[in-house]
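Colleague: okay, predicted coordinates and the sequence, questions at the end:
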Amino acid sequence: MKKLIVFFFVFSSYTLLAQTQETDSLQGKNWTRNGISPFVSYVSIGASNVSGGLDQTSRYAGQFYAGFQLDFEKILEWKGTRARISIINRHGHGLSNEVGSVFEPLNVVGGQNTFFYDLSVEKDFGDKVSFKLGRTTAADDFSGSALYYYSLNNTVNGVIRALLLDGLMSTFPFPTWGARIKYKPNAKHQIQLGSYQMSKSIFNDKKHGLDFSYRSSDNLSIFFQYDWLGQIANRNARVYVGANQVFGTLANLNPVHESNYFIRFYGHVDVELIQDLTSFLTISYSPHGEIAKVPFQSSFGLNWKGVFPSRTDDRMVFFATVGSFSDAWATTKGNELSPEVVLELGYRFKIKDYFGVQPALQYDINPGGSETIDNALIPGILIEASF
């Protein structure tokens with residue numbers, strides 16, 4: 001089944017892209033004009049733990065992502081209605097076990113299999129309200145920023161990682177049933193509220209995203225987020241604050257007891273320091289240390305576009321993350337744990353609009369919070385192509 005799904009999407013996407021390019025000079029991008037927009041992307045990361053950690057070795061991981069965006073206003077004359085359908089294939093292996101870290105150095109690791117991912121419909125109600133429903137994840141709409149995606153490490157790539165370490169947030173590439181309503185009264189303010197199914201087997205990669213069932217024993221994950229876009233000290237800025245509340249039967253890190261409620265707060269601020277140089281800071285915190293592996297995480301980042309005049313589309317990036325571990329998690333490890341700190345410095349070469357290469361160097365301090373594991377030095381390289 002999974003091979004058939006992959007073949008269908010690869011073949012269909014390739015055919016659509018080829019036909020789109022062939023007709024470009026005659027009729028423009030006909031598929032897009034007809035409301036069907038195919039997309040294909042591939043990301044691969046290779047990295048080596050050359051010093052420290054538990055084992056000096058190299059790993060490679062990759063991700064293929066393809067699908068279609070459908071504009072039903074053009075296809076069926078349904079005003080303000082669009083849909084998305086996609087598949088994902090992840091392969092390869094990560095380095096976290098060899099480093100001994102909680103944060104994975106290769107961000108495309110997690111669910112190394114083929115998944116039927118997105119099957120969602122979104123409808124606009126006027127120009128201020130939109131509603132989305134279907135197979136999706138909270139990570140598509142909450143706790144994210146475009147600035148995060150330049151990190152090879154998964155500390156912030158995609159979303160603030162501590163939210164995922166709890167196992168109580170749905171995320172790429174594990175789809176679930178969900179709904180999200182967005183209210184945007186003007187260009188500066190936005191409010192979102194989302195509700196997502198959290199089944200006990202949501203992170204089972206053998207399901208391939210095809211388990212559409214809903215059980216009475218499933219948990220419910222609720223997200224709320226407020227976004228503000230404006231200026232701070234006359235510089236472009238974005239601020240968001242949010243919370244994830246989970247209701248159900250939640251297993252504690254210490255399995256003697258169970259909890260039926262969990263909450264985590266999170267926030268982000270980014271500011272353009274000078275033209276094309278943007279900084280950001282994230283914070284996440286949960287008071288439920290009996291469930292949260294990493295109750296507190298904070299990340300700082302810098303993203304500098306066009307450092308060199310001859311390379312105006314390249315970016316130099318820096319990330320620093322600190323994560324502190326709960327007492328319950330430390331108990332499962334049998335010793336006290338110090339905060340884990342991950343530093344990353346990289347440079348993204350934008351070769352073409354659709355192709356980029358990014359070498360990066362990571363340095364993991366106190367991998368997994370253990371002071372008995374030597375700090376790890378991890379050079380790596382990312383290659384990305386998207387159409």
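Modeller: Happy to help now that I have it.
Colleague: just the helices from the stretch 201-350 of the chain, written as ranges.
Modeller: 327-333 (DSSP state H, counting those that start in this stretch).
Colleague: low-confidence ranges, it, go.
Modeller: 255-257 (pLDDT under 70).
Colleague: how near is I87 to I36?
Modeller: 16 Å (CB to CB, to the nearest Å). Glycine gets a C-beta too; all of them are placed from N, C-alpha and C.
Colleague: please apply the same query to V294.
Modeller: 42 Å.
Colleague: the two: which is more packed in?
Modeller: Ranked by neighbour count (other CB atoms under 10 Å), V294 and I36 place V294 first, with 26 against 16.
Colleague: list the residues that contact R90.
Modeller: Counting by CB atoms under 8 Å, 6 or more residues apart in numbering, R90 touches 61-64, 108-113, 115, 173.
Colleague: between those residues, which sits nearest G209?
Modeller: F115 (3.8 Å; CB to CB).
Colleague: so for whichever strand or helix holds that closest one, mean pLDDT?
Modeller: Applying DSSP states H and E as the criterion places F115 in strand 114-125. Strand 114-125 carries an average pLDDT of 97.
Colleague: neighbouring strands for it, and are they parallel or not?
Modeller: Here strand 114-125 has these sheet partners by DSSP bridges: strand 81-92 (antiparallel), strand 129-136 (antiparallel).
Colleague: who touches that strand?
Modeller: 2-3, 5-6, 65, 67, 72, 78-90, 130-136, 140, 172-175, 205, 208-210.
Colleague: and with 6 Å instead?
Modeller: 2, 6, 80-89, 130-132, 134-136, 173, 175, 208-210 (CB atoms under 6 Å, 6 or more residues apart in numbering).
Colleague: please apply the same query to stretch 168-185.
Modeller: For stretch 168-185, contacts defined as CB under 6 Å, 6+ apart pick out 88, 111, 115, 117, 128-133, 135-139, 141, 163-164, 190-197, 202-203, 209, 221, 244, 246, 262.
Colleague: again, only using 7 Å
Modeller: 88, 90, 111, 115, 117-118, 128-133, 135-139, 141, 158-159, 163-164, 190-199, 202-203, 209, 214, 221, 244, 246, 262 (CB atoms under 7 Å, 6 or more residues apart in numbering).
Colleague: taking the residues you listed one by one, which sit in strands?
Modeller: Residues of those located in strands (DSSP state E): 88, 90, 115, 117-118, 129-133, 135-136, 190-198, 221, 244, 246, 262.
Colleague: can you tell me the closest non-neighbouring residue to the most centrally placed residue in the chain?
Modeller: The centre of the chain sits closest to G158, judged by CA atoms, centre = their mean, with a distance of 2.1 Å. Counting by CB to CB, 6 or more residues apart in numbering, G158 lies nearest to A139, which is 5.9 Å off, once chain neighbours are set aside.
Colleague: for V341, same thing?
Modeller: With CB to CB, 6+ apart, the residue lying closest to V341 is I365, at 4.0 Å.
Colleague: next: P175.
Modeller: Nearest to P175 is R135, by CB to CB, 6+ apart, at 4.4 Å.
Colleague: partners of the one you found in the sheet?
Modeller: L119, W177.
Colleague: if I look at it, how far off is G67?
Modeller: Noted for R135: a distance of 12 Å to G67, by CB to CB.
Colleague: just S221 next, same as before
Modeller: Distance from S221 to G67, counting by CB to CB: 24 Å.
Colleague: of those two, who's got more company?
Modeller: Neighbours per residue, other CB under 10 Å: of S221 and G67, the larger number sits with S221, 25 against 22.
Colleague: which residues does the more buried one bridge with?
Modeller: Beta-bridge pairing for S221 (DSSP bridges): Y196, V246.
Colleague: report the contact partners of it.
Modeller: 138, 168-170, 196, 198, 244, 246.
Colleague: again, only this time at 6 Å
Modeller: 168, 196, 198, 246.
Colleague: likewise for W329?
Modeller: 253, 293.
Colleague: how about the contacts made by Q225?
Modeller: Contacts of Q225 (CB under 6 Å, 6+ apart): 142, 192, 240, 242.
Colleague: going by distance to I274, which of the residues you listed wins?
Modeller: When the contacts of Q225 are ranked by distance to I274 (CB to CB), Y240 comes first, at 22.6 Å.
Colleague: run a quick neighbour tally on the closest residue to that closest one other than its chain neighbours.
Modeller: Leaving aside its chain neighbours, Y240 sits nearest to D227 (4.5 Å; criterion: CB to CB, 6+ apart). Close neighbours of D227, defined as other CB under 10 Å, add up to 17.
Colleague: the one 4 residues further on now?
Modeller: Burial measure for Q231: 11 neighbouring residues, criterion other CB under 10 Å.
Colleague: beta partners for it?
Modeller: Here Q231, judged by DSSP bridges, has bridge partners N236.
Colleague: where's it relative to Q190, distance?
Modeller: Q231 is 16 Å from Q190, by CB to CB.
Colleague: equivalent analysis for S221, please.
Modeller: From S221 to Q190 the distance is 20 Å (CB to CB).
Colleague: likewise for V307?
Modeller: 31 Å.
Colleague: okay, those two: which has more neighbours?
Modeller: Q190 (17 against 13).
Colleague: OK, contacts around the more buried one?
Modeller: Q190 touches 184, 227, counting by CB under 6 Å, 6+ apart.
Colleague: try 10 Å
Modeller: Q190 sits next to 128, 182-184, 225-229, 240 when contact means CB atoms under 10 Å, 6 or more residues apart in numbering.
Colleague: kindly export the host helix or strand of A376 (C-alpha atoms) in PDB.
Modeller: Element membership for A376 (DSSP H and E) is strand 374-386. C-alpha atoms of strand 374-386 as PDB (Å, rounded to 0.1, in the frame of the first residue of the first chain):
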ATOM      1  CA  ASP A 374      31.700  14.600  27.000                       C
ATOM      2  CA  ASN A 375      30.400  17.600  25.000                       C
ATOM      3  CA  ALA A 376      29.800  16.600  21.300                       C
ATOM      4  CA  LEU A 377      31.100  18.400  18.200                       C
ATOM      5  CA  ILE A 378      28.900  17.700  15.200                       C
ATOM      6  CA  PRO A 379      29.600  19.000  11.700                       C
ATOM      7  CA  GLY A 380      26.900  18.500   9.100                       C
ATOM      8  CA  ILE A 381      25.500  19.600   5.800                       C
ATOM      9  CA  LEU A 382      21.900  20.100   4.600                       C
ATOM     10  CA  ILE A 383      20.800  19.900   0.900                       C
ATOM     11  CA  GLU A 384      17.300  21.000   0.000                       C
ATOM     12  CA  ALA A 385      15.400  21.200  -3.300                       C
ATOM     13  CA  SER A 386      11.800  22.300  -3.700                       C
END
